[in-house]
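Trainee: quick one, structure for this:
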Amino acid sequence: MADTPHKDEHNLYSIDLLMQQTRQLAARYRQTTGNTLPITGEIARFDVAKALNLTLSDDLTLGYDAIGNADRDGLKVLIKGRVIFEDSHSSPRLGQLKPDGRWDRVVMVLFDDDYLPVEMYEATADAISAALEAKAESKNKKRGAISVAQFKIISALVWTEQEGEVADVWDNHNDVE
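Mentor: Numbers count the residues shown, from 1 in each chain. Next comes the predicted model:
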């Protein structure tokens, strides 16, 4: 299948099934214990690669998670995922992003309480660098850290649970010529 990150259809079915079971287990674990399992990153990699036609890298030391195909051909993509729990009162953060030239884009996927993808946002390295520089000028901000809300501002919505991949990607940080 051309629109999936895996070549073998049987392997894809097995991974789809495993991911479904992993989501259910993680949701039940949180409901039971109040704690989260550290599996959001792997689910995010799988979902983004499948939804946006990316090829996952097996080498996680490269500094990016996937290589783009089609419209994103050859772009190195870093993938971040966050579960937005309904009962959470905190402001979720993506953590530290290092604009070290190892990636061209960052895709953030937001999950619901059941670890199902709701939205995906994509930001360029330039947009992230500009946002991080602006944050560095303000006091008491962790270097390289960016909130989910700020990421949404500097990025484009590229996928929704209702529509799938968004055809007309808006980009609120491009200059009009």
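
Trainee: after the worst-scoring helix or strand of the chain on mean pLDDT comes which helix or strand?
Mentor: Here the helix or strand of the chain ranked lowest by mean pLDDT, DSSP states H and E is strand 93-96, holding a mean of 82. Using DSSP states H and E, the helix or strand that follows strand 93-96 in sequence is strand 105-111.

Trainee: now the strands for this structure?
Mentor: Counting by DSSP state E, the chain has strands at residues 54-56, 66-68, 76-83, 93-96, 105-111, 117-124, 145-147, 156-160, 164-165.

Trainee: parallel or antiparallel, which strands does the fourth one pair with?
Mentor: Based on DSSP bridges, the strands next to strand 93-96 in the sheet, each with its direction, are strand 145-147 (antiparallel).

Trainee: what's the answer for the last one, then?
Mentor: Neighbouring strands of strand 164-165 in its sheet, by DSSP bridges, are strand 156-160 (antiparallel).

Trainee: repeat that for the first one.
Mentor: In the sheet containing strand 54-56, its partner strands are strand 66-68 (antiparallel), by DSSP bridges.

Trainee: ok, residues contacting the strand it pairs with?
Mentor: With contact meaning Cβ atoms under 8 Å, 6 or more residues apart in numbering, strand 66-68 is reached by 5, 45, 48-49, 52-57, 74-77, 79, 105. Every C-beta, even on glycine, is put in place using the N, C-alpha and C of the backbone.

Trainee: in contact with the residue most central in space within the chain, which residues?
Mentor: Compute the mean C-alpha point of the chain, and by Cα atoms, centre = their mean the closest residue is Met108, 2.6 Å away. Neighbour list for Met108: 80-82, 94, 120-123, 148, 151, 155 [criterion: Cβ under 8 Å, 6+ apart].

Trainee: and if we set it to 10 Å?
Mentor: Met108 makes contact with 44, 48, 78-82, 94, 119-123, 146, 148, 151-152, 155, 158 under the criterion Cβ atoms under 10 Å, 6 or more residues apart in numbering.

Trainee: again with Leu132
Mentor: With Cβ under 10 Å, 6+ apart, Leu132 has these contacts: 96-99, 141, 143-146, 150, 154.

Trainee: can you list the low-confidence ranges for the protein?
Mentor: 1-10, 12, 138-143, 168-177 (pLDDT under 70).

Trainee: show me where it has helices.
Mentor: For the chain, the helices defined by DSSP state H cover 9-33, 40-52, 125-137, 148-154.

Trainee: my guess is Val48 meets Tyr64, correct?
Mentor: No - here Val48 does not reach Tyr64: they are 11.8 Å apart, not a contact under Cβ atoms under 10 Å.
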